[in-house]
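**Q** let me see the structure of the following:
(chains A and B)
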Protein chains: 2
Amino acid sequence: MKPWRQYLDEFKSFSERILSLEYAQALIHWDMNTGAPKKGMGEKAKMLGVLGGESVKLLTSPKMNELLEILEAHKNSLEPNDFHHVKHTRKKYDQMMKIPQKEYEEYLSLCAESNQVWEEAKTTSNFKLFSPYLKKIIETLRKFIIYRGYQSGNPYNTLLDDYEEGMTVEKLDLFFNTLRERIVPLVHKIREKSQPECSFLDESYPIVKQKEFSNFIAKHIGYDFDAGMIKESMHPFTLGFGPNDVRITTHYHEKNLMSAIFSTIHECGHAIYEQQISQNLDGTLLAEGTSMGIHESQSRMFENLFGRSLDFWKPIYSKLQESFSVLSNFSLEQFYKGINLTKPSLIRIEADELTYSLHVMVRYDLEKALFSGSCEVDDLPELWNKKMEEYLGVVPENDAVGVLQDVHWGSGLFGYFPSYALGNAYASQFFTAMNREFSVFDELEKGDFTKIKEWLKTHIHQYGKTKRPEELLIGATGEGLNPNYFAEYLENKFTSLYNL
Amino acid sequence: MKPWRQYLDEFKSFSERILSLEYAQALIHWDMNTGAPKKGMGEKAKMLGVLGGESVKLLTSPKMNELLEILEAHKNSLEPNDFHHVKHTRKKYDQMMKIPQKEYEEYLSLCAESNQVWEEAKTTSNFKLFSPYLKKIIETLRKFIIYRGYQSGNPYNTLLDDYEEGMTVEKLDLFFNTLRERIVPLVHKIREKSQPECSFLDESYPIVKQKEFSNFIAKHIGYDFDAGMIKESMHPFTLGFGPNDVRITTHYHEKNLMSAIFSTIHECGHAIYEQQISQNLDGTLLAEGTSMGIHESQSRMFENLFGRSLDFWKPIYSKLQESFSVLSNFSLEQFYKGINLTKPSLIRIEADELTYSLHVMVRYDLEKALFSGSCEVDDLPELWNKKMEEYLGVVPENDAVGVLQDVHWGSGLFGYFPSYALGNAYASQFFTAMNREFSVFDELEKGDFTKIKEWLKTHIHQYGKTKRPEELLIGATGEGLNPNYFAEYLENKFTSLYNL
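**A** Numbering: from 1, shown residues only, chains lettered A, B, ... in the order given. Next up, the predicted model:
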């Protein structure tokens, strides 16, 4: 029999094969979204399917199981990163193996079909067209939850854990209750106040100048262009191939300069996270962000806590004015108020910093109810509208701008939404902890991101997937999820902005 | 036992897996050459290695051999395309299997190392640094030729066949003898004539205008932008993923407009070939050009026979003049003479249409001699210089611009060069055959590529890899390789251009 350390090498090269296949899929995805010729899209989609099959085949092979078993038997002798690598791979293996392959493939087909039906349903605002598919998806997910070893508590916890390891309904309820108690009243109070003058939001801004400024700001906040690039796509996204190649996309609309600027900053937040992952994890399955929520905390921190602060703009507002002469009629103070305009609206992806999490709360309430069995698919449109009125004070005129607005449910993504709101809460908590060590606003005012990036690297980024979200949070801030920081941040900021 | 047709389906899906892995490698290659971030290059190179290993593993698996054997036993019942698919795959399988894997891997490492040494040797013009590696490469290739079943004739034939199926020293000797007898004297005769006034070749041309014109000309000659795209890279190349996505790169140099224009036309020639492959072959290993030589015939036909003809420019020269005002001082006739300037030079990749094939002849003579044993590596620099003087009348002042100029030998590419010259010969032969059906120059003068593309599709492009080079040639022109067409074309063109 071979010495067990040889199995470690075998495991590593096996993982490298999986990783290469996954990176290849990511590159195809990148290509399809940044300009691949339209006639070739079918072939690319087929490639994605075939390569996806190859990587799953390797991950779920008996050989992989054998390697994992041997290494698990020696887990006390493993280096920490190897230990995490084995543990993470075992989790992925189990996730794949506990669901019969045939049922999983049927589920993927169902989601593909359902996604198409959702598109039509949204276009025609016809929820009844979509609901039979949604019912089937939920039924299947309930079955999968049982396969995966559900024993007690809310079955929704299993889904939450997929996107945010360790997250439960119990913790989220505490979080959202805080928002319900403190942010909902704040939103309603601001509705009665007058809005600042911010007509610059609707001006025209030449695209070529927007591009230049996006590149400038990405550089300003510390995005490393030698380990990434910026392209355009319909919906901005970040895509990483280990710490040395993390790409982002943004978008440019003539009439919406802020969309380009804040999309770029947001995606740079995601990207800087991955660019700062330890080089020791490069080439392993651990070289990515640990969870959806932590990832979102980094993008939101850059976008909102940094990017929508006054100090952030102090050193660069004149540069922005030089690029876009229309802004010379607006003071920095006016600009700051304009980019922080808050107003309840129907569409989540267009929501502002204050109201955004309430949109997520609507979805969380409904998802939780669906999986605990306290509501049915047919109840969703009515419930949706009721919650929107309660939290935001607005009611959709039809389901297209209501319950049908998001792509997620039609693609089987349940348990995913809460991480968007969690990101905000984590961000405030990290921000507060960072401020205990140095004044973040002072650094922003200097336009120097060195200390900030260093703090994030030391406490969060370097670890990649070797630490769970809660571990990171406790390590960096000294406590688990505490929604008060986020509530306090919003209260302070918007009370001052709107003179409450 | 399963009905044998089920094995055909299995074979097809097996091939699709190989193809997806190969396309993924091609996409990484594309990415690395069109802007991938520099810090990520190492990871990408590793991915290439891993995915290359995966595709070879599938190709050489016992399962593949089993499938091939079953289908070969039913070859008379196979549809023609399936028959070719099996045959082509068997050839690839055999090529891989006949060489012991370990020796092949050692050879790949040797080539990688040798390539680096070549770079240094070229920089310092030090052939002695490079020669030990070159000796090892040739020694290894000689051994591989024996593994691969060499029995008699010149062992070099085995290598020629890799790039141009069915090509032999016997056929190439006839071809190059014709060039030696008819083109070498022509080159020497022109050396005594005065050159046309063509100072526009050295003017400055704004890059942004060059890009616009390159896109225009690609469209003009029928490149389908819905099934491809144009980007920039250091060295222009074409990369296809089946007929629906064939991409090209070109390059732009401020002081060299012609380089951008003719690189674009050249690569479009390659790309139009692959874009016109039958959709029936899409998703199979047959959906690419049949050989190096045939591929080069298409690029050279577009670049030289079309692109450097007077009629080609008649409908678009005014457009070129509009884009670049400096050209308004030059008549179409002057422009035509300028783009056909011929002058013996030292560097193959910068050579003109007339002298280009003589550069290839130098390399052919040497490669043939190396593998027949009539010369040794140490003799190369001297022999090189002697041949250059004989064919072109110029002698390199050092080996950097002589025997060390090309990357090929250091990378183990022997038998590859002749296809560059063969492309020219094939092109003239196809061109003559096309002219029997309609006047090609009339179509060029109209600026209409419909008939031309249709002829090329019908006689060449559609077949992909289902026909061997010679089969295509005979099918399209009624005869095998006949170098007289090429010699005659050059004689006519340059006799007239230089008033001989």
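**Q** who touches the spatially closest residue to A:Lys457 that is not a sequence neighbour in this structure?
**A** In space, and not counting its chain neighbours, A:Lys457 is closest to A:Gln276: 4.3 Å by Cβ to Cβ, 6 or more residues apart in numbering or on different chains. Where you see a C-beta, it was placed from the backbone N, CA and C, and this is true even at glycine. The neighbourhood of A:Gln276, defined by Cβ atoms under 8 Å, 6 or more residues apart in numbering or on different chains, consists of A:243, A:453, A:456-457, A:461-462.
**Q** among these, which one has the most neighbours?
**A** Greatest neighbour count in the contacts of A:Gln276, by other Cβ atoms under 10 Å in any protein chain shown, goes to A:Pro243: 26 neighbours.
**Q** what's the pLDDT at that residue?
**A** As summarised for this prediction, A:Pro243 has a pLDDT of 98.
**Q** hmm, back to that, need the phi and psi values for the residue nearest to A:Lys457.
**A** For A:Gln276, the backbone dihedrals (degrees, to the nearest 10) come out as phi -100, psi 10.
**Q** surely A:Ile460 meets A:Ile294?
**A** Yes: using Cβ atoms under 8 Å, A:Ile460 is in contact with A:Ile294, at 7.0 Å.
**Q** which parts of chain A belong to which domain?
**A** What automatic domain parsing lists as the domains of chain A is A:4-97, A:153-500.
**Q** what's the most buried one of the ones you listed?
**A** Comparing these by mean neighbour count (mean count of other Cβ atoms under 10 Å in any protein chain shown), domain A:153-500 ranks first with a mean of 19.
**Q** which SSE is A:Leu444 in?
**A** Here A:Leu444 sits within helix A:440-446, counting by DSSP states H and E.
**Q** low-confidence stretches in chain A?
**A** Chain A contains residues with pLDDT under 70 at A:1.
**Q** tell me which parts of it are close to chain B?
**A** A:16-17, A:20-21, A:23-24, A:27-28, A:31, A:35-40, A:42-44, A:46-47, A:50-51, A:53-54, A:224-229, A:241-242, A:244-245, A:247, A:282-283 (Cβ under 8 Å from any Cβ of the partner chain).
**Q** circling back to that earlier point, output the helix holding A:Leu444 in CSV with nothing but the alpha carbons.
**A** Coordinates of each C-alpha in helix A:440-446 appear next as CSV, following Å, rounded to 0.1, in the frame of the first residue of the first chain:
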residue,chain,number,x,y,z
VAL,A,440,-11.9,54.7,7.4
PHE,A,441,-13.3,58.1,6.4
ASP,A,442,-9.9,59.7,6.8
GLU,A,443,-8.5,57.1,4.4
LEU,A,444,-11.3,57.7,1.9
GLU,A,445,-10.7,61.4,2.2
LYS,A,446,-7.1,60.9,1.4
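**Q** now do the strands in the stretch 201-350 of chain A.
**A** A:230-232, A:238-240, A:246-250 (DSSP state E, counting those that start in this stretch).
**Q** save those as TSV, and put in distance to A:Lys209 too.
**A** Shown next, in TSV, are those (distance: least, Cβ to Cβ, whole Å):
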stretch	distance to A:Lys209
strand A:230-232	15
strand A:238-240	24
strand A:246-250	14
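**Q** out of those, nearest to A:Lys337?
**A** With Cβ to Cβ as the criterion, A:Lys337 lies closest to strand A:246-250 of the strands of the stretch 201-350 of chain A, at 24.0 Å.
**Q** with just CA atoms, put that closest one into PDB.
**A** This file holds the C-alpha atoms of strand A:246-250, laid out as PDB (Å, rounded to 0.1, in the frame of the first residue of the first chain):
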ATOM      1  CA  VAL A 246     -10.600  38.300 -11.600                       C
ATOM      2  CA  ARG A 247     -12.600  40.000 -14.200                       C
ATOM      3  CA  ILE A 248     -15.600  42.300 -14.000                       C
ATOM      4  CA  THR A 249     -18.100  43.700 -16.400                       C
ATOM      5  CA  THR A 250     -20.100  46.900 -16.100                       C
END
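**Q** and it, what does it pack onto?
**A** Under the contact definition 3 or more Cβ pairs under 8 Å, 6 or more residues apart in numbering or on different chains; DSSP states H and E, strand A:246-250 sits against strand A:230-232, strand A:238-240, helix A:257-275.
**Q** at 10 Å what do you get?
**A** Contacting strand A:246-250 under the criterion 3 or more Cβ pairs under 10 Å, 6 or more residues apart in numbering or on different chains; DSSP states H and E are the following elements: helix A:4-33, helix A:207-220, strand A:230-232, strand A:238-240, helix A:257-275.
**Q** what would the ones you listed look like in a markdown table with distance to B:Glu367?
**A** A markdown table is the format used below for those (distance: least, Cβ to Cβ, whole Å):
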| stretch | distance to B:Glu367 |
| --- | --- |
| helix A:4-33 | 35 |
| helix A:207-220 | 48 |
| strand A:230-232 | 43 |
| strand A:238-240 | 44 |
| helix A:257-275 | 47 |
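**Q** now for those, which one comes closest to A:Glu322?
**A** Comparing the helices and strands packed on strand A:246-250 by Cβ to Cβ, helix A:207-220 comes nearest, at 9.7 Å.
**Q** that closest one - contacts with which helices or strands?
**A** Packing contacts for helix A:207-220, counted by 3+ Cβ pairs under 10 Å, 6+ apart, involve strand A:230-232, strand A:246-250, helix A:257-275, helix A:317-323.
**Q** how many degrees apart are the longest one and helix A:207-220 in direction?
**A** Pointing back at helix A:257-275 there. Here helix A:257-275 runs at an angle of 30 degrees relative to helix A:207-220 (axes from the mean of the first three to the mean of the last three Cα atoms, to 10 degrees).
**Q** what angle separates helix A:257-275 from strand A:246-250?
**A** Relative orientation of helix A:257-275 versus strand A:246-250 (the same axes, to 10 degrees): 170 degrees.
**Q** and the residue in the stretch 401-500 of chain A positioned nearest to chain B, what does it touch?
**A** Chain B sits closest to A:Gly464 of the stretch 401-500 of chain A, with a gap of 14.6 Å, by Cβ to the nearest Cβ. Counting by Cβ atoms under 10 Å, 6 or more residues apart in numbering or on different chains, A:Gly464 touches A:81, A:84, A:88, A:242-243, A:273-274, A:276-278, A:280-282, A:284-290.
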